[in-house]
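**Q** Give me a model of this one.
(one chain, ligands or ions: 1)
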Amino acid sequence: MESLKIKGQSIPKLGLGTYRLTGSQGIAVVEAAIEMGYTHIDTAQMYENEKEVGTALKNSGKPRENIWLTTKVWPSNLSREKFLPSVEESLAKLQVSKVDLLLIHWPSKEVRLEEAVEQLIKAKEKSFADNIGVSNFPSEMVRTAVGVGADLMTNQVEYHPYLSQHSLKQVLDSFGISLTAYRPIVKGQVNEDPVILKIAEKYGKSGVQVALRWLIQQEAVMTIPMTSKIHRLKENMDIFDFQLEAEEMNLISDLTAAKRRFIDPDWGPEWDE
Ligand SMILES: NC(=O)c1ccc[n+]([C@@H]2O[C@H](COP(=O)([O-])OP(=O)(O)OC[C@H]3O[C@@H](n4cnc5c(N)ncnc54)[C@H](OP(=O)(O)O)[C@@H]3O)[C@@H](O)[C@H]2O)c1
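**A** Prediction:
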């Protein structure tokens, strides 16, 4: 597993996304992933599976420090009154004393950004999290958060072969903030793309593996694909034994001009850059 070295930390470039992994299936998949070598797990208050993730972590028997654990605070908990108690509740569900990374999941129209970011900083000061970051923040909001004094580790945003994040990435790079790509395989749609499939054929890989490789081969980018199928966990992790050539990286990057977001009605507001 390759790691991203950033802000004095080493983060596994590939994590397991866990949206919709709930109940006994959630525990089984996360446990299998850890058993198989995944060392980075991404959850959130909104996924309603922090308890399952915590249980899988415990069941795995792996030392806590071997797993990079991220959770996220949902917009309804961003106020001064609710933020820290909600994080304490997350930690209790996860059965850990702190997470490695705590993110604001989405900005909220109800709570001033500065207020939410101040609470995020407080969570780190209280040692609820070793590192902090944001998610779904367009460039201007990243600038505001940095201006409030947040030392951001990452901005987790939708990023895949059909969606450019070029201008946001430039802003993140200027602040030394990494980008975590969510929805990286567009729910499997990359397996039908002729450009990606042609490259995949050359390496004897699937379209999904090539899309994931394209992401983690970029500077300061990590990614968190999700699967509910144990047999796919290995495929999604098996991306560290080949390297895309510069020309192939560019061919896939050219596809991002499509600017195609995957619209999921369950997710919060879309913010334009
Ligand atoms: N911060 C945010 O606002 C935000 C928003 C969305 C997502 N996320 C995070 O990012 C993670 C990933 O995003 P996502 O779940 O939306 O999308 P995704 O990872 O791009 O796609 C997941 C889908 O792809 C399928 N899949 C997985 N591996 C596959 C493979 N090897 N071949 C074919 N199909 C495959 C899965 O189906 P099966 O289950 O049947 O394998 C699942 O339906 C989430 O779980 C969550 O942790 C964060």
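
**Q** From now on I want contacts and neighbour counts done on CA atoms only, so please keep to that.
**A** Noted.

**Q** Would you indicate which residues of stretch 88-96 are buried?
**A** For stretch 88-96, a neighbour-count test (16 or more other Cα atoms under 10 Å) marks E88, S90, L91, K93, L94, Q95, V96 as buried.

**Q** now swap in stretch 231-238 and tell me
**A** Buried residues in stretch 231-238, counted by 16+ other Cα under 10 Å: L233, N236, M237.

**Q** Quick check: of these, which lies closest to S10?
**A** M237 (17.8 Å; Cα to Cα).

**Q** The closest one contacts L14, correct?
**A** Yes: under the criterion of Cα atoms under 8 Å, M237 makes contact with L14 at 7.3 Å.

**Q** Need the overlap of contacts for the two.
**A** With contacts defined as Cα atoms under 8 Å, 6 or more residues apart in numbering, the residues shared by M237 and L14 are Y38.

**Q** what about the helices in the stretch 151-273 of the chain?
**A** For the stretch 151-273 of the chain, the helices defined by DSSP state H, counting those that start in this stretch cover 166-175, 194-203, 207-216, 230-237, 246-255.

**Q** Point out the most buried one among the ones you listed.
**A** A comparison of the helices of the stretch 151-273 of the chain by mean neighbour count, using mean count of other Cα atoms under 10 Å, puts helix 207-216 on top with a mean of 25.

**Q** quick one on the thing from earlier: tell me which of the helices of the stretch 151-273 of the chain lies nearest to I67.
**A** Among these, the nearest to I67 by Cα to Cα is helix 230-237 (15.3 Å).

**Q** residues making contact with the closest one?
**A** In contact with helix 230-237 (Cα under 8 Å, 6+ apart) are residues L14, V29, A32, A33, M36, Y38, V208, Q209, L212, P225, T227.

**Q** any idea how far F240 is from the closest residue to the first one other than its chain neighbours?
**A** In other words, L14. Sequence neighbours aside, T223 is the residue nearest to L14 in space, at 5.2 Å (criterion: Cα to Cα, 6 or more residues apart in numbering). T223 is 13 Å from F240, where distance means Cα to Cα, to the nearest Å.

**Q** Those two - which one has more neighbours?
**A** T223 (29 against 14; other Cα atoms under 10 Å).

**Q** picking up where we left off before, closest to L163 out of the buried residues of stretch 88-96?
**A** Among those, S90 lies closest to L163 (Cα to Cα), at 31.2 Å.

**Q** Distance from the chain centre to the helix or strand harbouring that closest one, please.
**A** Secondary structure from DSSP states H and E places S90 in helix 83-94. Relative to its parent chain, helix 83-94 has a centroid offset of 19 Å by Cα atoms, centre = their mean, to the nearest Å.

**Q** Alpha carbons only: can I get it in PDB?
**A** Presented in PDB, the C-alpha positions along helix 83-94 are these (Å, rounded to 0.1, in the frame of the first residue of the first chain):
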ATOM      1  CA  PHE A  83     -20.400  20.200  17.100                       C
ATOM      2  CA  LEU A  84     -18.200  18.800  19.900                       C
ATOM      3  CA  PRO A  85     -21.000  16.700  21.500                       C
ATOM      4  CA  SER A  86     -21.700  15.100  18.200                       C
ATOM      5  CA  VAL A  87     -18.000  14.200  17.800                       C
ATOM      6  CA  GLU A  88     -17.900  12.700  21.200                       C
ATOM      7  CA  GLU A  89     -20.900  10.600  20.200                       C
ATOM      8  CA  SER A  90     -19.100   9.500  17.000                       C
ATOM      9  CA  LEU A  91     -16.000   8.500  19.100                       C
ATOM     10  CA  ALA A  92     -18.200   6.500  21.400                       C
ATOM     11  CA  LYS A  93     -19.900   4.700  18.500                       C
ATOM     12  CA  LEU A  94     -16.500   4.100  16.900                       C
END
